[in-house]
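1. I'll drop the sequence and a predicted model, then ask my questions.
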Amino acid sequence: MIYLDHAAATPLSEKAMKAMLPYFAEKFFNPSAAYLPAVELRREYEDAKDRIAHVIGAKGADLVMTSGATESINLAFSTVAAGAEVLISAVEHQAVVENAKRSGNFQTIAVDQHGRVLLEDFARKLSPQTQFVSVCLACSELGTVQPIADIARLIAAERERRAFAGERTPLYFHCDASQGLGLLEAKVNRLGVDLLTLNAAKIYGPKGIGALYVGRSVRLTPLTVGGGQEMGLRSGTENVAATMAFATAIEEAEKHISFERKRLSQLKMRLMKSLADLPNIKFLGSPKTQLANFVSLCLPGLDAERLIFALEDRGVYLSTGAACAASKGIKSPTLRAIGLTDDEIAGSLRITMGKLNDEQNIEEAARHIREVVTSEWARIMKGRNEQ
Amino acid sequence: MRVFLGMSGGVDSAVSAHLLKEQGHEVVGVYMKNWSKNLPGMKCPWAEDLADAKRVAVKLGIDFRVFDFEQEYKQKVVDYMLAEYQKGNTPNPDIMCNQEIKFKLFAETAFEQGAEAIATGHYAQTDGQNLLKARDENKDQTYFLYRISSEIIPKTIFPVGDMLKPDVKALAEKLGYSVARKAESMGVCFVGEANMRDFLAEFIETKPGEIRELETDAVLGTHDGAIFYTLGQRHGLNLKAGLPYYVVKKDMAQNIVYVSRDLNSLKLWTDKIQLKDIIVRGDDDGQNLQARIRHRAPLVDASLNRETGELHFAEAQKSLTPGQSVVLYRGNICLGGGIIA
């Protein structure tokens, strides 16, 4: 197997798995119970939250643990009142888009050809009525890193203006950091965000656990009510095992950021170089602003889904932004937003590398991709000649 | 030959693709998108099926297309089915689907796009003129195909029609097709017999009514809509009685279901029935045929009066349900059939 879809899911790291094991059958207590073993468990849980928060420069009490990024995003949007003006970038994950739609009053911020938010456009659309802004840390299809701190500065200026003018309309900034957490620093103060979505499943942690950082001025409405866990913002018995593993995974990821960034950049260069002469190939995103593990490309004239099935047959797994069956025929709005043609979208592939890749299997992957692309072109040309 | 093959994402059409290619045909795999709506408790698997079909096409290096027939399928198959149920009949939507969609619309579209022949993964055979039973008697699907037109038969290939189902599965395994062990779809492709009740309930408003004993007119219980009941049905009546009751009659206007515990009730057993919408290919006289009253039912001797459309069975048959089809055979040839009036 050559796995090239780390943006979709990552395998649980050994350390993270080890970290969670004691919490299934031994330390199984309900952290809300009164007896000492449960109280000790609660301390371990709070400590794990502190460790996660520390990586983003926050305190454990600023975090609400959730079932993953989608829930975090939904919880973040709970602060948006019906009809409130929302701004999101044109390259957001569906979870953000669908939540924005619910507000009934949202606009998208235009991006450049690489999928990076255009600050001029944002400044133009940010109005005295804007209440909520959501932009991803890095786009999940192109890997393009967004100018979060710059956006935050414009938001801060608008807030200041409102304060001086005595306007009381709130304005919050949410950032979905599902992608890029293991390759970028993400300190909430430096980013300047009020809400930050984190996900364990993309950084070698377990699935089913995520977190939302909630700045102290933000008022959310819980999605689940009940026992009042997570300061009343997310009732339900805490997922201690997954939280322990999340803490281990995020610490590991942070520790290796610069090493992995360098290693993956080299693999990326190698892969791009060996695919560069495929017919009509176009690489998406700019090397300057793209995550080190992303190679996004399109091969107009080819059907990306066919390539994926042909590669799957050779044990090479990757993803497409095209209108494939897996996406129920819905074309990627992200690829539209960067101005790709239908043909280019139909032939688009997303390769995302990670721990499961090294020089050898990237070279092999390149060979498989080249062969599959060549044989698809041969099939198409043969059909054309016969007609 | 340029052959357009209907690929459902199942094992039979997958193996059909392989066989056609091996025979030297230029194969174009086609997924017919007939339905994509999820209903409560029924997830429509179209996207998975499409991907499974395409996966096989890619493995074989053949062209693959999607024909979107959702609108036509709704009109010609689903609406027909709902209307029939509302009349109190028990229609067979698969037969309608083959007649209107797979062997008509699909064929027409394929020929427009340059096909010289069409193919499907059905278990059936042809001799170039007649529709013939499959070699695997157990799997024979001519019951569902009897209404296809005489013109399409010479242009149709059934690549697995001369194979036994276990051999088809074994070949799929050998070829490494991921669909080799996929569960077979039954009944209305996406609904399945078990869910027909729920499906109907989504589309047709029903009212509770009485269940009465035919002989005495006594009210024995209530039902939640007469359309849900089929003649001959024994289960699901929820009558607290020792001996089983059978549904023997439905009064759609009054929404009453009549039952009887008399197994020999004339309403349940009959040796002659009136057929409508009869199709007989060729100039067969209709005498001394074999008839099949439902899929996989044993063949019974019968004669068709071609003028009146009356079918006489050599022996009385139980629970002949209006709306269902009786399919007629002479030896190996599927001549046609008709719908029970």
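-> That came in fine, so what should we check first?
2. Which SSE is immediately downstream of the helix or strand of chain B with the lowest mean pLDDT?
-> For chain B, the helix or strand with the lowest mean confidence is helix B:196-203, at a mean of 83 (criterion: mean pLDDT, DSSP states H and E). Counting by DSSP states H and E, the next helix or strand C-terminal to helix B:196-203 is strand B:209-213.
3. Given the very next helix or strand once past that following strand, what are its sheet partners and their directions?
-> Using DSSP H and E, the helix or strand that follows strand B:209-213 in sequence is strand B:219-223. Strand B:219-223 has the following sheet partners, assigned by DSSP bridges: strand B:209-213 (antiparallel).
4. Residue 37: neighbour count?
-> Using chain A. Burial of A:Pro37, expressed as a neighbour count using other CB atoms under 10 Å in any protein chain shown, amounts to 12. The way it works is simple: take the backbone N, C-alpha and C, and place the C-beta from them, glycine included.
5. um, chain B though
-> Counted with other CB under 10 Å, the burial measure for B:Lys37 works out to 11 neighbours.
6. My read is that it contacts B:Pro45, right?
-> No - counting by CB atoms under 8 Å, B:Pro45 is not a contact partner of B:Lys37; they are 11.8 Å apart.
7. mind listing what the closest residue to A:Cys136 other than its chain neighbours touches?
-> Nearest non-adjacent residue to A:Cys136, counting by CB to CB, 6 or more residues apart in numbering or on different chains: A:Asp176, 4.4 Å away. In this structure, A:Asp176 makes contact with A:69, A:72-73, A:92-93, A:95-96, A:134-137, A:197, judged by CB atoms under 8 Å, 6 or more residues apart in numbering or on different chains.
8. Let's see the pLDDT reported for A:Thr79.
-> At A:Thr79, the pLDDT value in this model is 97.
9. go on, A:Ile330?
-> Here, the pLDDT recorded for A:Ile330 equals 71.
10. Could you measure from it over to B:Leu131?
-> A:Ile330 sits 40 Å away from B:Leu131, taking CB to CB, to the nearest Å as the criterion.
11. Who has more neighbours out of the two?
-> B:Leu131 (25 against 10).
12. which residue packs closest to the more buried one, ignoring adjacent ones?
-> B:Cys334 (4.4 Å).
13. now A:Phe106, which residues is it bridged with?
-> Beta-bridge pairing for A:Phe106 (DSSP bridges): A:Val86.
14. right, and it touches A:Val86 too?
-> Yes - the pair formed by A:Phe106 and A:Val86 meets the contact definition of CB under 8 Å, at 4.0 Å.
15. Of those two, which one has the most company?
-> The neighbour comparison of A:Phe106 against A:Val86 (other CB under 10 Å) goes to A:Val86, with 24 against 19.
16. From chain B, how far out is that one?
-> If you measure A:Val86 against chain B using CB to the nearest CB, to the nearest Å, the figure is 28 Å.
17. ok now do that residue, which residues does it touch?
-> When the contact criterion is CB under 8 Å, 6+ apart, the partners of A:Val86 are A:80, A:100, A:103, A:105-107, A:130-134.
18. Tell me which entries of those residues lie within helices.
-> With helices defined by DSSP state H, the entries of the contacts of A:Val86 inside them are A:100, A:103.
19. Could you identify which of the contacts of A:Val86 has the most neighbours?
-> Comparing the contacts of A:Val86 by number of neighbours (other CB under 10 Å), A:Ser134 comes first, having 29 neighbours.
20. That residue pairs with what?
-> When bridges are assigned using DSSP bridges, the partners listed for A:Ser134 are A:Ile88, A:His174.
21. Which residue is the nearest non-sequential neighbour of whatever residue of the stretch 101-250 of chain B ends up closest to chain A?
-> For the stretch 101-250 of chain B, the residue closest to chain A is B:Gly114, as judged by CB to the nearest CB, at 7.5 Å. With CB to CB, 6+ apart as the criterion, B:Gly114 has its nearest non-adjacent residue at 5.9 Å, and that residue is B:Arg2.
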